[in-house]
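K.L.:
what's the 3D shape of this:
(2 chains)
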Amino acid sequence: MNKNVQLFRKWWGLLLIGVLLISSLSGCGSQEKVLKIGYITEQTGVDAYVGAASVPAMQDYVDEINAKGGISGYKIELVVYDTRSEVPDAVTVAKRLVDQDKAVAIIGPSWSSAGIPLADIADAAKVPMVATTASNVNVTVSEDGTLHPYMFRVCFIDPYQGFAQADFAYNKLGLRKAAFLTDIASPYTVGLHQFFKDHFIELGGEIVAEEGYTQGDAEFRAQLAKIKDAGADLLVVDAYTFKDIGLAAQQAEALGLKVQIMGGDGVFVPELLEMAGPQLEGAIVTTGVTTDSPDFAEFNKAFEAKHGTQANIYTYYGLDALMAIEYAIGEAAKKGDVTPTAVRDALETMTDVQLFTSKVTMEPDTHNPHNKPLLIMTIKDSQWVLTETFQPK
Amino acid sequence: MELFIQQLVSGISIGAIYSLLAVGYALVYSVYNFTNWAFDGFMAFGAFMAFTGITSLFMPFWLAALFSIILTVILSVGTEKLAYSPLRARKAPRLFMMISAMGVNLATVNIINLIYGGVFRKFPIDTLQPIFIKGVSIGRMDLMAGGISFGVLALLWVFLYRTKWGLGIRASSIDIMTASLMGINNNAVAIVVFAVTGVLSSVAGVFYGIKYAVFPMMGIVTIKAMIASIVGGLGSLPAAILGSMILGILETMVSGYISSTYRDLFSFLFLIIILLFFPNGLMGKSSGEKL
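P.N.:
Numbers count the residues shown, from 1 in each chain, chains lettered A, B, ... in the order given. Down below sits the predicted model:
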């Protein structure tokens, strides 16, 4: 046998014994107060990028908390379970977190189809859960309108963007006559449309045209000619795919329709610029968070240097949820009682708490963050430019 | 009035694209009595070949268009030789031909998807500014597309009605067995019919790509052309053009004056009513002379 290998084995053996000794010693140490925070995420399967970009950042943050002596003396342990990007697995690991690990709070999931069944588990076990990017309305409020008392989220719901867009268009841009071109077959676009419309009218704006189309359509001139005729000064394109807003912009130009064009985060993709950059010059697309934001530049660099992977929005929202729970544990500890229910109560009443992406105030009746800021991306010289962060009043 | 004329202009330009495709369906249907579902894929193939010609092979537009036409004709005739002709030789029912066509279509679209990816691409050609006449915008691209569409259709008409080859195809469309007994070469007719289909789908694909975008699923629009050729009267060329114009204008008018949300609902309701009164389509003949 090679001598080097023998030597290696010897040292390896010694090292193992050392590790065992140290770990057994620490076990005998003083009784430390440890709280487990569960994290349900995707580490394998189609959405594995979610876990890859969020788990290291969250573990770093937990290490930081513990290095500073924990939250009010409580050390934190992050228990991460993989869902394999499947709903049944998400349910299994959620049950494991509440039954076996006795987690004080749970982070996740990132998608609504898992968020909806998990809300029932959180309610039944009375353990608070903070969803990261599950944006469907029914994650926190069930279809019959009743609130899931133990389910929260840190992202905004899909249609909220429509509300904030209307606020921005009316109050900031001073636009008064809005027209819609909406994909009528997707709940996402119909929600955006409805929330925009309701709030725009509430503010005193006028809806001059409501035109629709269905996915797969490529011809919008009939609708756009009508919108031009109606004298709109704002065209809201509620599209699920970027192709639709790109084609609408090209055809609007061909018809001589010159209005402010606005779209939601569904079309916030680089490919849109290649397709219709010049036609969309000056158009506004809104989104909740972007890795391009200068606020995150330093964090992104440090994260990539340390972990060799790029941060994405799941990194940010994962940290948001973790920080919300950190705050809630701190509040519960102040009252002398860190139970899942006390953490839940603190989450429900959190007001203006600085999280990773923004300050958050939880709406007690919906468990959605209240008036989250909206990022206004403007297309300038066929590039996305973050022109402002807009906070609806 | 301005709005009405604008909608009419848009409707005609949409109808022109439908026409090219509807004529392709009508041609194959009138001779072989089956719907060539592979048309959808041929159209996307034509658009992607022209796209590749310009972006990867650095061809000027006219050369890329020619390149696309040649390759689409090869694909169309190849499909006839490999997928349709053997079935006809074995006297397979027409339904089997349609299934075979669907298979070819799925394969074509998926291969395009595999090679190019499912993204939407802008056709790499400078878009010309439209002409404005009293506030009504008329796209130069639409004029060109309309002009070339009708030019191609006129050439096809001359070919079918003024040449010996055309006579052969028309004879075959009435009765393919008798025609072959009269000395018309069935195989040659098949090649010509599918070559013409290839030209039509390539031209339609290129114009559709320029006007909208190039993407693997772009051929989905052929379903509208299929409907147009049924409403006009299946198997007849002028009827296919008439049906296409009616559908194009109807869609824009419904969007413009009734509801864009319910455009398809109202448009197709109207078409069903037409078919109730004209079960063979507006210009359709139940039997006898076709084309």
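K.L.:
CA atoms for contacts and neighbours, from now on please.
P.N.:
Noted.
K.L.:
In terms of helices and strands, where is residue B:100?
P.N.:
Assigned by DSSP states H and E, residue B:100 belongs to helix B:94-116.
K.L.:
Listing partners with orientation, what would you give for the very next helix or strand once past that helix?
P.N.:
Per DSSP H and E, the first helix or strand lying C-terminal to helix B:94-116 is strand B:131-133. If you go by DSSP bridges, strand B:131-133 pairs up with strand B:136-138 (antiparallel).
K.L.:
Off-centre distance for the strand it pairs with?
P.N.:
Remark: strand B:136-138 is offset 25 Å from the chain centroid, using CA atoms, centre = their mean, to the nearest Å.
K.L.:
Which positions within the very next helix or strand once past it qualify as buried?
P.N.:
Where DSSP H and E defines the elements, the next helix or strand beyond strand B:136-138 is helix B:140-162. Neighbour-count burial for helix B:140-162 flags B:141-143, B:145-146, B:148-150, B:152-153, B:156-157, B:160-161 (criterion: 16 or more other CA atoms under 10 Å in any protein chain shown).
K.L.:
Redo those residues as JSON lines? Include distance to chain A.
P.N.:
Putting these into JSON lines (distance: CA to the nearest CA, whole Å) gives the following:
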{"residue": "B:141", "distance to chain A": "10"}
{"residue": "B:142", "distance to chain A": "11"}
{"residue": "B:143", "distance to chain A": "13"}
{"residue": "B:145", "distance to chain A": "15"}
{"residue": "B:146", "distance to chain A": "16"}
{"residue": "B:148", "distance to chain A": "20"}
{"residue": "B:149", "distance to chain A": "18"}
{"residue": "B:150", "distance to chain A": "21"}
{"residue": "B:152", "distance to chain A": "23"}
{"residue": "B:153", "distance to chain A": "23"}
{"residue": "B:156", "distance to chain A": "27"}
{"residue": "B:157", "distance to chain A": "29"}
{"residue": "B:160", "distance to chain A": "32"}
{"residue": "B:161", "distance to chain A": "34"}
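K.L.:
Sort out which one of those lies nearest residue B:90 for me.
P.N.:
residue B:160 (28.4 Å; CA to CA).
K.L.:
Give me the neighbour count for the residue lying closest to the closest one once chain neighbours are set aside.
P.N.:
Leaving out its chain neighbours, the residue that sits closest to residue B:160 by CA to CA, 6 or more residues apart in numbering or on different chains is residue B:166, at 3.6 Å. A count of nearby residues for residue B:166, using other CA atoms under 10 Å in any protein chain shown, gives 19.
K.L.:
would you say residue B:166 is within a helix?
P.N.:
Yes - judged by DSSP: H, G, I helix; E, B strand; the rest coil, residue B:166 forms part of a helix.
K.L.:
From residue B:261, how far out is it?
P.N.:
Distance of residue B:166 to residue B:261, computed by CA to CA, to the nearest Å: 44 Å.
K.L.:
Give me the distance from the helix holding residue B:100 to the chain's centre.
P.N.:
16 Å.
K.L.:
Could you tell me which residues of the stretch 51-200 of chain A lie near chain B?
P.N.:
residue A:184 (CA under 8 Å from any CA of the partner chain).
K.L.:
show me where the stretch 51-200 of chain A has helices.
P.N.:
Using DSSP state H, counting those that start in this stretch, the helices of the stretch 51-200 of chain A run over A:87-99, A:112-125, A:160-167, A:187-203.
K.L.:
Go through the ones you listed and pick out the most buried.
P.N.:
Scoring the helices of the stretch 51-200 of chain A by mean neighbour count under mean count of other CA atoms under 10 Å in any protein chain shown gives helix A:160-167 as the most buried, with a mean of 26.
K.L.:
Phi and psi next, for the closest residue to chain A within chain B.
P.N.:
Using CA to the nearest CA, residue B:261 is the residue of chain B that sits closest to chain A, at 4.3 Å. Main-chain dihedrals, residue B:261, degrees, to the nearest 10: phi -60, psi -40.
K.L.:
now swap in residue A:375 and tell me
P.N.:
phi -90, psi 130.
K.L.:
how close does the closest residue to it other than its chain neighbours sit to residue B:42?
P.N.:
Spatial nearest neighbour of residue A:375, excluding adjacent residues (CA to CA, 6+ apart): residue A:389 at 4.6 Å. Counting by CA to CA, the gap from residue A:389 to residue B:42 is 47 Å.
K.L.:
if I read this right, residue A:106 contacts residue A:39, doesn't it?
P.N.:
Yes - counting by CA atoms under 8 Å, residue A:106 sits close enough to residue A:39 to count as a contact (5.7 Å).
K.L.:
What's the local residue count around the closest residue to residue B:113 other than its chain neighbours?
P.N.:
In space, and not counting its chain neighbours, residue B:113 is closest to residue B:216: 5.7 Å by CA to CA, 6+ apart. If you count neighbours by other CA under 10 Å, residue B:216 ends up with 28.
K.L.:
what kind of secondary structure is the residue of the stretch 201-350 of chain A found nearest chain B in?
P.N.:
Nearest residue of the stretch 201-350 of chain A to chain B, counting by CA to the nearest CA: residue A:212, 4.3 Å away. What three-state DSSP gives for residue A:212 is strand.
K.L.:
what stretches of the chain score poorly on pLDDT?
P.N.:
The chain I'm using is chain A. Scanning chain A for pLDDT under 70 picks out A:1-31.
K.L.:
not what I meant, chain B
P.N.:
B:127, B:285-291.
K.L.:
and the residue of the stretch 201-350 of chain A closest to chain B, how far is that from residue B:258?
P.N.:
Relative to residue B:258, and taking CA to CA, residue A:212 is found at 12 Å.
K.L.:
for residue A:236, same thing?
P.N.:
From residue A:236 to residue B:258 the distance is 20 Å (CA to CA).
K.L.:
ok, the two, which is more surrounded?
P.N.:
Comparing residue A:236 with residue B:258 by other CA under 10 Å, the one with more neighbours is residue A:236, at 27 against 12.
K.L.:
Measure how the helix or strand encompassing the more buried one sits relative to helix A:187-203, angle-wise.
P.N.:
Taking DSSP H and E as the criterion, residue A:236 maps to strand A:234-238. Angle between the axes of strand A:234-238 and helix A:187-203 is 150 degrees (criterion: axes from the mean of the first three to the mean of the last three CA atoms, to 10 degrees).
K.L.:
Any idea how far strand A:234-238 is from the middle of the chain?
P.N.:
24 Å.
K.L.:
what bridges to residue A:131?
P.N.:
residue A:153.
K.L.:
what sits against the most centrally placed residue in chain A?
P.N.:
The residue lying closest to the centre of chain A (CA atoms, centre = their mean) is residue A:133, at 3.3 Å. Contacts for residue A:133 (CA atoms under 8 Å, 6 or more residues apart in numbering or on different chains) come out as A:109, A:110, A:111, A:112, A:153, A:154, A:155, A:314, A:317.
K.L.:
would TSV of the residues you listed with distance to residue A:221 be doable?
P.N.:
Shown next, in TSV, are these (distance: CA to CA, whole Å):
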residue	distance to residue A:221
A:109	41
A:110	38
A:111	36
A:112	35
A:153	40
A:154	39
A:155	36
A:314	38
A:317	40
